[in-house]
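Colleague: I would like the atomic coordinates for the input below:
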Amino acid sequence: MLTYTNPVYKGYLADPFVWQYQGVYYAIGTGAAEAAGTIDEIADTPNFDPNKLRVFPLLRSFDFVNWDDVGNALPRPDPALGNNFWAPEVAYCDGKFYLYYSVGHEDKNHQLRVAQSDTPMGPYEDIGEPLTDLNNCPFAIDPHPFRDDDGQWYLFYARDFLDTEGSVRAGTALVVDRLQNMTKLAGVEKVVLRARCDWQRFLPNRLMYGQVFDWHTLEGPYVRKHQGRYYCFYSGGCWETENYGVDYGVADSVMGPYSDAGNEAGPRVLRSLAGDVKGPGHNSMVFAPDGQTEYIAYHAWGKDARQMCLDKLVWTPEGPRCAGPTWKPQTIDAHKSYQKIEN
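Modeller: Numbers count the residues shown, from 1 in each chain. Here you go, the predicted structure:
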């Protein structure tokens with residue numbers, strides 16, 4: 001048995017995406033500079049070659065418990081795209097690794113893009129074209145590629161909505177589109193979930209698009225198919241505060257309709273624990289080395305940084321629940337099973 005204590009990596013790693021390939025675990029996420037939009041400041045460091053600038057910290061682990069920094073994954077594309085690089089995720093298809101991410105300028109002009117590599121550690125090369133059009137979608141973040149049982153890939157992501165019809169709240173919410181191929185969306189976007197609860201409030205009286213809104217946020221989608229149903233996990237609320245947490249919607253079809261009814265009192269999977277864990281969210285999921293125990297990877301706030309954490313996911317008759325967030329030592333079965341584990 002191995003023992004770990006959250007956070008499992010002491011450095012800054014927000015929006016962690018964890019996957020396994022050939023018995024090795026990898027994690028990628030948003031770094032401090034990408035989150036703060038200070039990429040240009042790094043490039044201006046004396047004697048620094050801006051052509052070597054890479055974004056998105058990449059970690060590797062051979063036992064699921066000890067994680068090492070193995071460098072950044074993506075050579076920075078065109079600087080005109082922006083300084084904020086957020087929430088990367090990796091998909092493996094037909095011998096190539098595809099890195100999906102968003103880039104933009106703070107809270108506006110964020111587009112989804114994709115890069116590719118022949119190896120999980122990259123470097124990943126941006127394909128040179130956006131997945132989303134800023135003219136039709138001026139803010140798109142948190143892309144999550146999902147492969148269904150028939151081999152078809154889909155892309156879940158978050159974008160902004162300003163309408164409030166049918167009791168939904170204005171703000172950032174979740175959609176899904178089919179991937180025509182790994183680098184092109186089919187253009188059949190459908191709404192997955194809209195904010196409708198008070199705990200999902202990001203900020204009251206927020207100036208957006210020239211208007212003032214009571215702004216709500218659903219972000220960080222991650223889809224898991226369980227017993228024939230599709231569970232779209234997401235984070236709601238304000239990522240900087242205690243009200244941030246993880247909930248889910250469920251559907252019988254990958255394109256929906258999804259329902260997250262039952263969460264009116266707050267997030268059901270992960271939520272802050274006063275005095276111990278603040279703002280757990282933006283999760284992914286992965287199996288432990290035994291190939292059977294499922295874990296949720298997420299970030300939570302340390303003193304002044306978001307850091308990667310791991311806790312067991314439990315499927316109950318009421319739905320998925322997390323055994324955490326934990327902040328004390330946890331044990332994990334270190335026995336490796338080399339059966340195929342789907343991402």
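Colleague: list the contacts for P79?
Modeller: 40, 43 (Cβ atoms under 8 Å, 6 or more residues apart in numbering). Bear in mind the C-beta positions are built from the backbone N, C-alpha and C, glycine included.
Colleague: what packs against whichever strand or helix holds E219?
Modeller: According to DSSP states H and E, E219 maps onto strand 211-226. Contact partners of strand 211-226 among helices and strands, from 3 or more Cβ pairs under 8 Å, 6 or more residues apart in numbering; DSSP states H and E: strand 140-147, strand 153-161, strand 171-181, strand 201-208, strand 229-236, strand 278-287.
Colleague: Export the ones you listed as CSV, with columns for mean neighbour count, mean pLDDT and distance to V191.
Modeller: Putting those into CSV (neighbours: other Cβ atoms under 10 Å; pLDDT from 0 to 100; distance: least, Cβ to Cβ, whole Å) gives the following:
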stretch, mean neighbour count, mean pLDDT, distance to V191
strand 140-147, 24, 98, 14
strand 153-161, 22, 98, 8
strand 171-181, 21, 98, 6
strand 201-208, 15, 97, 18
strand 229-236, 25, 98, 11
strand 278-287, 24, 98, 20
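Colleague: okay, those strands in JSON lines with distance to V314 next?
Modeller: Output for the helices and strands packed on strand 211-226, formatted as JSON lines (distance: least, Cβ to Cβ, whole Å):
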{"stretch": "strand 140-147", "distance to V314": "22"}
{"stretch": "strand 153-161", "distance to V314": "23"}
{"stretch": "strand 171-181", "distance to V314": "24"}
{"stretch": "strand 201-208", "distance to V314": "28"}
{"stretch": "strand 229-236", "distance to V314": "13"}
{"stretch": "strand 278-287", "distance to V314": "12"}
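Colleague: which parts of the lowest-mean-pLDDT helix or strand in the chain are buried?
Modeller: Ranked by mean pLDDT, DSSP states H and E, the weakest helix or strand in the chain is helix 39-43, scoring a mean of 85. Across helix 39-43, burial judged by 16 or more other Cβ atoms under 10 Å covers 39, 43.
Colleague: that older thread, out of the helices and strands packed on strand 211-226, the one nearest N109 is which?
Modeller: Comparison of the helices and strands packed on strand 211-226 against N109 by Cβ to Cβ identifies strand 140-147 as nearest, at 10.0 Å.
Colleague: What strands line up against the closest one, and which way round?
Modeller: With DSSP bridges as the test, strand 140-147 is paired with strand 153-161 (antiparallel).
Colleague: quick one: low-confidence parts of this protein?
Modeller: The model of the chain has pLDDT under 70 over residues 51, 334-343.
Colleague: and the strand holding E219, how far from the chain's centre?
Modeller: Centroid displacement of strand 211-226 relative to its chain, using Cα atoms, centre = their mean, to the nearest Å, is 11 Å.
Colleague: relative to strand 201-208, how tilted is that strand?
Modeller: If you take axes from the mean of the first three to the mean of the last three Cα atoms, to 10 degrees, strand 211-226 sits at 140 degrees to strand 201-208.
Colleague: Which positions in strand 211-226 come out as buried?
Modeller: The neighbour-count check on strand 211-226 (16+ other Cβ under 10 Å) flags 213, 215-224 as buried.
Colleague: now swap in stretch 63-72 and tell me
Modeller: By neighbour count on 16+ other Cβ under 10 Å, the buried set for stretch 63-72 is 64-65, 67, 72.
Colleague: rewinding a little: and D247, which of the helices and strands packed on strand 211-226 is closest to it?
Modeller: D247 sits nearest to strand 229-236 of all the helices and strands packed on strand 211-226, at 6.0 Å, using Cβ to Cβ.
Colleague: Not counting the next helix or strand after that closest one itself, show me its contacts.
Modeller: Sequence-wise, the next helix or strand downstream of strand 229-236 (DSSP H and E) is strand 245-251. Outside of strand 245-251, the residues within contact range by Cβ under 8 Å, 6+ apart are 174, 192-193, 199, 229-237, 257-260, 263, 266-272, 279-281, 283, 296, 298, 319-320, 322.
Colleague: likewise stretch 312-331?
Modeller: By Cβ under 8 Å, 6+ apart, stretch 312-331 touches 1-6, 224, 226, 231, 233, 246, 248, 250, 262, 268-270, 272-273, 276-277, 280, 285, 293-296, 298, 300, 309-311.
Colleague: In this structure Y124 contacts L99, no?
Modeller: Yes. Here Y124 lies in contact with L99, judged by Cβ atoms under 8 Å, at a distance of 4.3 Å.
Colleague: tell me, what's touching the two both at once?
Modeller: Counting by Cβ under 8 Å, 6+ apart, the residues touching both Y124 and L99 are 73-74, 115-117.
Colleague: With that, I have no additional questions.
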